[in-house]
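Asks: Predicted model follows, preceded by the sequence.
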2 protein chains.
Amino acid sequence: MLSTVPAAASVLLARTPARAAAQPGPTAGWLAPFQTDVQRLIDASVGSTAAWDRLAELCDTFGGRLTGSRNLELASDWAADTMRKDGLEQVRLQKTLGPRWVRGAESLEIVTPVPSPLVMLGLGGSIATPEAGVTAPLVVVRSFDELNTRSSEIPGTIVLFDVPYTGYGPTVAYRANGAINAARHGAVAVLVRSVGPMGLRTPHTGGMSYLQGTPRIPAAAIPIEDAQRLARLVARRVPVTLRLRMSAQTLPDVESANVIGEIVGREHPEEIVLVGGHFDSWDPAGGASDDGVGCIVTWEAARLMKVLGLRPRRTVRVVLFTNEENGLRGALAYRDAYIESASKHVLALESDIGVFEPMRLGFSGNDRARQMMAEAVDLLRPLGFPPLGPGGGGADIGPIAQVGQVPAMALAGDPTKYFQIHHSPADTVERIDPKEMAKAAAGIAVVSWIAAEMDTPLPR
Amino acid sequence: MLSTVPAAASVLLARTPARAAAQPGPTAGWLAPFQTDVQRLIDASVGSTAAWDRLAELCDTFGGRLTGSRNLELASDWAADTMRKDGLEQVRLQKTLGPRWVRGAESLEIVTPVPSPLVMLGLGGSIATPEAGVTAPLVVVRSFDELNTRSSEIPGTIVLFDVPYTGYGPTVAYRANGAINAARHGAVAVLVRSVGPMGLRTPHTGGMSYLQGTPRIPAAAIPIEDAQRLARLVARRVPVTLRLRMSAQTLPDVESANVIGEIVGREHPEEIVLVGGHFDSWDPAGGASDDGVGCIVTWEAARLMKVLGLRPRRTVRVVLFTNEENGLRGALAYRDAYIESASKHVLALESDIGVFEPMRLGFSGNDRARQMMAEAVDLLRPLGFPPLGPGGGGADIGPIAQVGQVPAMALAGDPTKYFQIHHSPADTVERIDPKEMAKAAAGIAVVSWIAAEMDTPLPR
């Protein structure tokens, strides 16, 4: 299920023959003038490991890049420097304040029936426990409904939401709102079964919320195996006591930044094709897939244009957003800074669901624009891209797109592979295939080139 | 690649119809009288989740069972009690002293270029670092040869053996002897790339050795991803400094025990068919596959005979050995206690390589005995067992088998699936399929029944 790649950064992929990659599907007439450059972009990307090598350098050097960390700050400086070396223009750090949550030491253990450590990851934003930890009886529930039904059992307990993963949407509510709901019934701490498919004792962290007026209780995720172990013990009517220790802290906001680089448009520099991902990550790993890869493949799209000497009619702007994971401050800062030019954004494209095959491009916008981008995406059929899907947009481009009614695209990989490692220690570059990265970069380069180069902006 | 099973202990498998399971292959004449009881043993096992449920109870309740831990002691008491409830006879704890290594708090982090925590597991038997840790430059080598070649670079460094996994045999030498070799060249600590296939940031611990006269240095395993990350950094000529902190302790030996239960033979109680696995495990998980499952399927073989009222001519003795992982004290204590009756052991069978399909039975002994056991194993063809292979024996039955020249068998599962989780936090019952456990138990029940019931003991 997991793609693995050789260790060496100098991976050489079999180069797809240019001829084989050069046979696009039936092409709408308006795209004929783009054919040559589209092919050059594809050829420059396919067979190159440049994007994968850069992602590996990012993740290897800086590790996890949680907002407010020195790791993210140093990584942002590196990204700006490297964009400059690539020849991108107007490279800048767009400063904003970001939250600073620090995990600290943490542990979870069975106290009775027999002491035994469990695997856990505190949820982002959680408060700490007292220094000695919280020691309390365990109650296992499978839903908010069951919690409500068993309300009288909850006071003074640690509640585990042992909710089987049926997709991110249906189960993430327990991670996000588990603490609020458990605290309402008097729980002293909350555990959630990790939101993702079965791994190898793999915990998945992520954001969580508190609610004014409801007690704040510590919150952590545990792997599926640990959740099932606890659930089986309880099903055998074994009383279980747990001890949770967390020393997490929310410190004052600190400066963070979106990293921005451009290829300035030759005719309409004020018109923007925005492409990007988010540069912050959770802390247990380098965030290769969430969302280092989205940053690097969108950046790579602009780098490919630069390498090929392609300067489009409009500006292609790469934005590596900060703080998608726990605040969206980067997206909001971008919207606020560029609110006057929101309607000058002719297209916004976000990559934040990985590049695992099968991947596809999605679009949100009016019918005529959709038709045109569908025709553009047809040029990617030789690379294996399916027809343009629905579902353009994303968390980071959302605010500016909403203000400017900007046509929006998304590059999305296979969600099962993505959520297998999402927010976990396993989100490393080993999961990512250089060929899939090269393909993603080619796809983004082609659609952003076309949107930046077409005669008149995409209709909206 | 990994089998997963439903959470509930009450898993009900589709029962294989007795008729379908009742068609053994061509059978040697001497086995004809066994046919009915062989079929009863198979029918009682296939379709039952009793073995899986018991394994889950063991792992859920007691967790990791490292020699010298209270967890192992309590689990051994539970096993003896439960054997008695099963109706096994002569149930006893055969006491012996065992080593007591305690992991303690431990961590590994990149200090430069940018601070970043790594995943690690100290190796069993390692000494601690000073309380502040060992902070030193990293040198990455791919072999002992490379270490020798680069000897002058080693003093004062932390050496990483980044050795790709090519099977357990070829690579485990780096875990076992890495500390000795690195210390000889002046290293202050040693790291080994985990011995196993790529996981999900999965560290694998295991035993390691020191050598009199060579400095003892701390030793830990890191996941493949962390090893590759460090190797890539170094390949980019980035100087890397690491800090390793370990507080491991080797405490005085403590009492431990083999757990023994029997079905006493009706004609030759002094003649023994020995079946078993090892009951200790490494500490990061419950040791479901290494070797809880081997204990439970051999125990289950005896339980099935008891349930069916089958009392063989000779004694079937189940031994759950202690301390296979880091000392073999249980195996040696068994040999020493039963040395007088070593030659009365007519067969010894060990299960310690999992029950992952494809699994097979192997035999070591003389040709006539092999021929007979091959014919017995042919009775298992309807269950999917292949013909009897070579390679009987195992670490725990080895000492008594050697003294008594005992014909030896092994049940061995797919080694790739086994080593995927071996000695790692992922060695949980979720990896194990109840159907595969039932099949393993049936296979062991049949061959041990035949060996215990045949007219004259297996030739040796």
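Replies: Perfect, thanks for sending it.

Asks: quick one, phi psi at residue A:445?
Replies: phi -60, psi -40 (degrees, to the nearest 10).

Asks: Is it in contact with residue A:301, as I believe?
Replies: Yes: Residue A:445 lies in contact with residue A:301 (CB atoms under 8 Å); the separation is 3.8 Å. From N, CA and C alone the C-beta is placed, and that goes for glycine too.

Asks: And chain A, split by domain according to the record?
Replies: Domain assignment of chain A by automatic domain parsing yields the ranges A:18-99+A:252-453, A:104-242.

Asks: what's the span of the last one, first residue to last?
Replies: When you say that, I think you mean domain A:104-242. 20 Å (CA to CA, to the nearest Å).

Asks: Quick check: closest non-adjacent residue to the residue in the stretch 151-300 of chain A that chain B sits nearest to.
Replies: Residue nearest to chain B within the stretch 151-300 of chain A (CB to the nearest CB): residue A:200, separated by 3.8 Å. Distances taken as CB to CB, 6 or more residues apart in numbering or on different chains put residue B:426 closest to residue A:200, at 3.8 Å, once the chain neighbours are dropped.

Asks: helix/strand/coil for the one you found?
Replies: With DSSP: H, G, I helix; E, B strand; the rest coil as the basis, residue B:426 sits in coil.

Asks: Tell me how many other residues crowd residue A:165.
Replies: 17 (other CB atoms under 10 Å in any protein chain shown).

Asks: Leaving out chain neighbours, which residue sits closest to it?
Replies: Using CB to CB, 6+ apart, the closest residue to residue A:165 is residue A:171 (5.4 Å).

Asks: ok, residue A:350 touching residue A:276?
Replies: Yes: in this structure, residue A:350 is within contact of residue A:276 by CB under 8 Å, at 6.4 Å.

Asks: Give the residues shared as contacts by those two.
Replies: Counting by CB atoms under 8 Å, 6 or more residues apart in numbering or on different chains, the residues touching both residue A:350 and residue A:276 are A:294, A:396, A:397.

Asks: How about the secondary structure of the first one?
Replies: Right, residue A:294. On the basis of three-state DSSP, residue A:294 is classed as helix.

Asks: any idea which element the nearest residue to it once chain neighbours are set aside lies in?
Replies: Nearest residue to residue A:294 in three dimensions, chain neighbours excluded: residue A:277, at 2.6 Å (CB to CB, 6+ apart). Assigned by DSSP states H and E, residue A:277 belongs to strand A:268-278.

Asks: Spell out which parts of the stretch 201-350 of chain A neighbour chain B.
Replies: For the stretch 201-350 of chain A, the residues in contact with chain B (CB under 8 Å from any CB of the partner chain) are A:201-202, A:224-225, A:228-229, A:231-233, A:235-236, A:238, A:285-286.

Asks: Kindly give a single ChimeraX line that selects the buried subset of those.
Replies: Per 16 or more other CB atoms under 10 Å in any protein chain shown, the buried members of these correspond to this ChimeraX selection:
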select /A:201,202,224,225,228,229,231,232,233,238,285,286
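
Asks: hmm, back to that, hang on, the residue nearest to residue A:165 in a strand?
Replies: No: read with three-state DSSP, residue A:171 is helix and lies in no strand.

Asks: can I assume the residue nearest to residue A:294 is in contact with residue A:300?
Replies: No: counting by CB under 8 Å, residue A:277 does not reach residue A:300; the two are 11.1 Å apart.

Asks: thinking again about what came up before, and the strand holding residue A:277, how far out from the chain middle?
Replies: Relative to its parent chain, strand A:268-278 has a centroid offset of 19 Å by CA atoms, centre = their mean, to the nearest Å.

Asks: Show me what the mean pLDDT comes to for that strand.
Replies: Summarised as a single mean, pLDDT over strand A:268-278 is 98.

Asks: With stretch A:420-433 instead?
Replies: 98.

Asks: element containing residue A:81, please.
Replies: Following DSSP H and E, one finds residue A:81 within helix A:70-86.

Asks: That helix near chain B at all?
Replies: Yes: residues of helix A:70-86 contacting chain B under CB under 8 Å from any CB: A:70, A:71, A:74.

Asks: got a winner among those residues for most neighbours?
Replies: In terms of neighbours by other CB under 10 Å, those top out with residue A:71 at 21 neighbours.

Asks: Which element, helix or strand, includes the residue lying closest to residue A:308 once chain neighbours are set aside?
Replies: Closest residue to residue A:308 apart from its sequence neighbours, by CB to CB, 6+ apart: residue A:40 at 5.3 Å. For residue A:40, the element it lies in under DSSP H and E is helix A:35-45.

Asks: What of residue A:325?
Replies: Per DSSP H and E, there is no helix or strand for residue A:325.

Asks: How about the contacts made by the nearest residue in space to it that is not next to it in sequence?
Replies: Spatial nearest neighbour of residue A:325, chain neighbours left out: residue A:280 (5.5 Å); criterion: CB to CB, 6+ apart. Residue A:280 makes contact with A:65-67, A:72, A:98, A:256, A:287, A:321-326, A:330, according to CB under 8 Å, 6+ apart.

Asks: picking up where we left off before, just name the most buried of the domains of chain A.
Replies: Comparing the domains of chain A by mean neighbour count (mean count of other CB atoms under 10 Å in any protein chain shown), domain A:18-99+A:252-453 ranks first with a mean of 22.

Asks: just how off-centre is that one within its chain?
Replies: Domain A:18-99+A:252-453 has its C-alpha centroid displaced from the chain centroid by 11 Å (CA atoms, centre = their mean).

Asks: for stretch A:115-128, same thing?
Replies: Centre-to-centre, stretch A:115-128 and its host chain are 22 Å apart (CA atoms, centre = their mean).

Asks: That one near chain B at all?
Replies: Yes: using CB under 8 Å from any CB, we find that stretch A:115-128 touches chain B at A:115, A:116, A:117, A:119.

Asks: With respect to residue B:127, which of those is nearest?
Replies: residue A:117 (21.6 Å; CB to CB).

Asks: any idea which element the residue in chain A sticking out farthest from the centre lies in?
Replies: Using CA atoms, centre = their mean, the residue of chain A lying farthest from its centre is residue A:237. It sits 40.4 Å away. Using DSSP H and E, residue A:237 sits within no helix or strand.

Asks: Which positions in the stretch 351-460 of chain A make contact with chain B?
Replies: A:420, A:421, A:424, A:425, A:426, A:428, A:429, A:430.

Asks: Kindly report the same for the stretch 51-200 of chain A.
Replies: Within the stretch 51-200 of chain A, the residues that sit near chain B (CB under 8 Å from any CB) are A:56-57, A:59-64, A:70-71, A:74, A:110, A:113-117, A:119, A:162, A:164, A:198-200.

Asks: Which ones among these lie within helices?
Replies: Here DSSP state H is the test, and these give A:56, A:57, A:59, A:60, A:61, A:62, A:70, A:71, A:74 as lying in helices.

Asks: From residue A:397, how far off is the closest residue to the third one other than its chain neighbours?
Replies: Nearest residue to residue A:59, sequence neighbours excluded (CB to CB, 6+ apart): residue A:286, at 3.0 Å. From residue A:286 over to residue A:397 the distance is 23 Å, taken as CB to CB, to the nearest Å.

Asks: same check, this time on residue A:308
Replies: 25 Å.

Asks: got the CA coordinates for stretch A:375-394 in PDB?
Replies: Taking C-alpha atoms only, stretch A:375-394 is exported to PDB below (Å, rounded to 0.1, in the frame of the first residue of the first chain):
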ATOM      1  CA  GLU A 375     -10.000  21.000 -22.200                       C
ATOM      2  CA  ALA A 376      -6.700  22.100 -20.700                       C
ATOM      3  CA  VAL A 377      -6.600  19.100 -18.400                       C
ATOM      4  CA  ASP A 378      -7.300  16.900 -21.400                       C
ATOM      5  CA  LEU A 379      -3.800  17.800 -22.400                       C
ATOM      6  CA  LEU A 380      -2.600  15.800 -19.400                       C
ATOM      7  CA  ARG A 381      -4.200  12.600 -20.400                       C
ATOM      8  CA  PRO A 382      -0.900  11.200 -21.700                       C
ATOM      9  CA  LEU A 383       0.400  11.600 -18.200                       C
ATOM     10  CA  GLY A 384      -2.600   9.600 -16.900                       C
ATOM     11  CA  PHE A 385      -4.600  12.400 -15.500                       C
ATOM     12  CA  PRO A 386      -8.400  11.700 -15.500                       C
ATOM     13  CA  PRO A 387     -10.800  14.300 -16.800                       C
ATOM     14  CA  LEU A 388     -11.200  17.400 -14.700                       C
ATOM     15  CA  GLY A 389     -13.300  16.700 -11.600                       C
ATOM     16  CA  PRO A 390     -15.300  18.900  -9.300                       C
ATOM     17  CA  GLY A 391     -13.900  20.200  -6.000                       C
ATOM     18  CA  GLY A 392     -11.500  23.100  -6.700                       C
ATOM     19  CA  GLY A 393     -10.300  25.100  -3.800                       C
ATOM     20  CA  GLY A 394      -8.800  24.400  -0.400                       C
END
